[in-house]
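**Q** With the input below, show me the fold.
(one chain, ligands or ions: 1)
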Amino acid sequence: MSTSPAKDAPAAAASHTADKQAAFAKGLDGVIGGQTAVCSIEQDKLIYRGYEIHDLAAHATFEQVAFLLLEGRKPGEHELARFKAELIAERALHPAVTSFIESSAGWLASGRAVPMDVLRTAVSILAHTDPECQDNAAPAELRKAKRLTAKIPTIIGHMQNVIDARAIVGLERGGDPTLDHAANMLYMMTGKRPSADEARVMDVSLILYAEHEFNASTFTTRVISGTLSDMHGAVCGGIAALKGPLHGGANEMAMEMLKEIVNDVGEAGIGTSKVDDWMNNAFETKRKLMGFGHRVYKNGDHRAGILMGLGKKMADSIDNAGQPTFGALRAPRWFALGEQVQKIMLDKKKIHPNVDFPCGMTYFTMKIPVPQYTPIFVAARITGWCAHIIEQHSDNRLIRPLSIYTGPAEKKW
Ligand code: CMC
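**A** Residues are numbered from 1 along each chain as shown. Take a look at the predicted model:
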C-alpha cells in the first residue's frame, strides 16, 4: 500500500537526522574535506607535490619550495632565477601600507593589537593596492601570490622597526636585493645582516612551515575562495585562523610556557624533579601544553625533529662563541629544558611535540621577538595558502557542510 508524501515526511526526517548523527564528527575529526595535489600527510611522510619534507629541508631553499608549491613543479635553474627576481622586484610596499604600519605603533604598544592583527590589516590594505585584486583567473592569482609572498616579510620587518622605534630598514626596496628571502626578512627586522647559519635555519623553518594540507587556516582560505571571493580576502581569513594558539599561535605560546617554567622552577631547577612537578601540576589542572599534540600525527610531527636538531645546533654554537645570555639562560639551556619537557610529555602522556615547540626555542635563540613568531609562520604559509586558493578556484565547488540542530523543538510564535 502506498503512503502519502505527508505521512512519509516524519519518517524521512527521522532517518535524515540519524544519517547526520552517524556522519557527525566534532571538529570534522577524520572527515575528508576535499582533494588536493599540493600536499599529502601520512603518519610516516609529509610530501609537498611529490617531494618528502626531510629531502626538501636538507636540499632545497625556501624560494625553490615556494616555486614548487605555486608553479607546481621543481624549478630549473633559469626558472628559479626568474622567480627570485620576481620576488625581489615585488618586496617594496605601497606607501599606504607603510603609513598604516607606522600608525599602528600605539595599538601595538598598548597591546590592543598584536603583530598578527597588524599583519592581517596590512594584507587587507595590500588588496587595495593590487591592480589584480578582483581577478580570480589562474595567471592573475599566480602573480598575486608572488606579490603576497614578497611583501609579507617586508610588512613584518617594517612592523618590527616601528615597534623598536628604529628608522625603517630598506624602505625603498623592501630590504637588500642581494639577500635571499629568509635572510632579507631577518635583515629588515633587525637592520643587521644575519650570519649564514641564521639565514639557513630561518630558511629551513620557512620550508617546514610552508604547507600542511587541510589544516585550519588553509581550510579557511579554501572555504573563503570557494565562494569565489578573492585571494587577499581568503589570506586575511587564513591569518585570523593561524593566529589562534591551537594552530600557529602555538609557536609563541610554546616559548612563553618555557619562560613560565624557568620563572617557576628557577634556572637551577632545569634537569631536576622540579620540572616534573611543574608538569604534573599542569596535567592535574588539565592544562594544554603548547607545542604538543596534533590532530593528524599520532606518532610525532615530521617537522619537529628537523627543527629541533637545527635549533639545538645553532644554540650550541652561539653559546660556544660566548655570546650574551638569552633572558635568564644561555641558549643551550633553553633546549635542555625543552628536551626535558618533551621527555616528560612522551613518558607520561604519550604526546609528541609538534613543529611549533622547537620553533619557539629556535627563534628565541635567534633573538626574534616572540610576538613575531606567528607572523613569520604566515611569511611561509602564504605559499601553501595561495597554492590551495588557486587549486580551489581552478575546480570550484562551494564548501557548505551541514549541521545537527540542538536548539528548542518547534513552537508557535
Ligand atoms: N597538552 C596536554 N594534553 C593534550 C595536548 C596538549 N598539547 N594535546 C592533546 N592533549 C590531550 C587532550 O587533552 C586529550 O586528552 P583526553 O582524551 O584525556 O581528553 C587527548 O590528548 C586528545 O586530544 P584532543 O584535544 O582530542 O586532540 P585534538 O586533535 O582535538 O587537538 C591540538 C589537537 C593540536 C588542538 C591539541 O593537541 C592541542 O591543543 N595542542 C596544543 C596547541 C598546539 O600545539 N597547536 C599546534 C598544532 S600543530 C602546528 C600548527 O598548526 O601550528
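
**Q** only C-alpha atoms for contact and neighbour calcs from this point on.
**A** Noted.

**Q** Let me know how buried residue 92 is, in neighbour terms.
**A** With neighbours defined by other Cα atoms under 10 Å, the count for residue 92 comes to 22.

**Q** State the distance from the spatially closest residue to residue 130 that is not a sequence neighbour to residue 129.
**A** Sequence neighbours aside, residue 144 is the residue nearest to residue 130 in space, at 7.7 Å (criterion: Cα to Cα, 6 or more residues apart in numbering). Note on residue 144: its distance to residue 129, by Cα to Cα, to the nearest Å, is 11 Å.

**Q** Neighbour count for the two, which is higher?
**A** residue 144 (22 against 15).

**Q** tell me which strands and helices the helix or strand harbouring the more buried one is in contact with?
**A** Using DSSP states H and E, the element containing residue 144 is helix 138-163. Judged by 3 or more Cα pairs under 8 Å, 6 or more residues apart in numbering; DSSP states H and E, the packing partners of helix 138-163 are helix 62-71, helix 77-89, helix 95-103, helix 105-110, helix 115-129, helix 181-190, helix 373-394.

**Q** Can you lay out those as a markdown table showing distance to the ligand?
**A** Below are the helices and strands packed on helix 138-163 laid out as a markdown table (distance: least, Cα to the nearest ligand atom, whole Å):
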| stretch | distance to the ligand |
| --- | --- |
| helix 62-71 | 18 |
| helix 77-89 | 25 |
| helix 95-103 | 25 |
| helix 105-110 | 23 |
| helix 115-129 | 14 |
| helix 181-190 | 19 |
| helix 373-394 | 8 |
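
**Q** possible to save these as CSV with distance to residue 161 and mean pLDDT?
**A** CSV is the format used below for those (distance: least, Cα to Cα, whole Å; pLDDT from 0 to 100):
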stretch, distance to residue 161, mean pLDDT
helix 62-71, 24, 98
helix 77-89, 20, 98
helix 95-103, 9, 98
helix 105-110, 10, 96
helix 115-129, 12, 98
helix 181-190, 6, 98
helix 373-394, 14, 98
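
**Q** could I get those helices as TSV with distance to residue 243?
**A** TSV is the format used below for these (distance: least, Cα to Cα, whole Å):
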stretch	distance to residue 243
helix 62-71	22
helix 77-89	25
helix 95-103	18
helix 105-110	16
helix 115-129	6
helix 181-190	20
helix 373-394	7
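
**Q** So which bits of the stretch 251-400 of the chain are right by the ligand?
**A** 287, 288, 289, 290, 291, 292, 293, 294, 295, 354, 355, 356 (Cα under 6 Å from any ligand atom).

**Q** Select only the buried ones of these in ChimeraX?
**A** The buried subset of these, as determined by 16 or more other Cα atoms under 10 Å, is captured in ChimeraX by this line:
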select :289,290,291,292,293,294,354,355,356
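
**Q** Now flag whichever of the residues of the stretch 251-400 of the chain next to the ligand is closest to residue 221.
**A** Comparing these against residue 221 with Cα to Cα places residue 295 closest, at 18.8 Å.

**Q** got a list of what the closest one touches?
**A** Listed by Cα atoms under 8 Å, 6 or more residues apart in numbering, the contact set of residue 295 reads residue 29.

**Q** Residue 43 versus that one, what's the distance?
**A** From residue 295 across to residue 43, the span is 11 Å (Cα to Cα).

**Q** Show me which pair in the residues of the stretch 251-400 of the chain next to the ligand is furthest apart.
**A** Farthest-apart pair in these is 287 and 355; separation 19.3 Å (Cα to Cα).

**Q** picking that back up, determine which of the helices and strands packed on helix 138-163 approaches residue 231 most closely.
**A** Using Cα to Cα, the helices and strands packed on helix 138-163 put helix 373-394 closest to residue 231, at 6.8 Å.

**Q** Convert the C-alpha atoms of stretch 216-223 to PDB, please.
**A** What follows is stretch 216-223 as a C-alpha-only set of coordinates in PDB (Å, rounded to 0.1, in the frame of the first residue of the first chain):
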ATOM      1  CA  ALA A 216      42.500  25.000   9.900                       C
ATOM      2  CA  SER A 217      44.000  28.100   8.200                       C
ATOM      3  CA  THR A 218      44.300  26.500   4.800                       C
ATOM      4  CA  PHE A 219      40.800  25.100   5.000                       C
ATOM      5  CA  THR A 220      39.700  28.600   5.900                       C
ATOM      6  CA  THR A 221      41.300  30.000   2.800                       C
ATOM      7  CA  ARG A 222      39.600  27.300   0.700                       C
ATOM      8  CA  VAL A 223      36.200  28.000   2.300                       C
END
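
**Q** Is that stretch in proximity to the ligand?
**A** No. Stretch 216-223 does not reach the ligand (Cα under 6 Å from any ligand atom); its nearest approach is 7.6 Å.

**Q** Identify all contacting residues around that stretch.
**A** Applying Cα under 8 Å, 6+ apart, the external contacts of stretch 216-223 come out as 212, 234-235, 237-242, 247, 384-385, 388-389, 392, 398-399.

**Q** Swap in 6 Å and give it another go.
**A** If you take Cα atoms under 6 Å, 6 or more residues apart in numbering as the criterion, stretch 216-223 is touched by 234, 238, 241, 242, 385, 389, 399.

**Q** Of those residues, which is the nearest to the ligand?
**A** Nearest to the ligand among these is residue 242, at 7.4 Å by Cα to the nearest ligand atom.

**Q** leaving aside the residues next to it on the chain, what's closest to the closest one?
**A** Spatial nearest neighbour of residue 242, excluding adjacent residues (Cα to Cα, 6+ apart): residue 248 at 4.8 Å.
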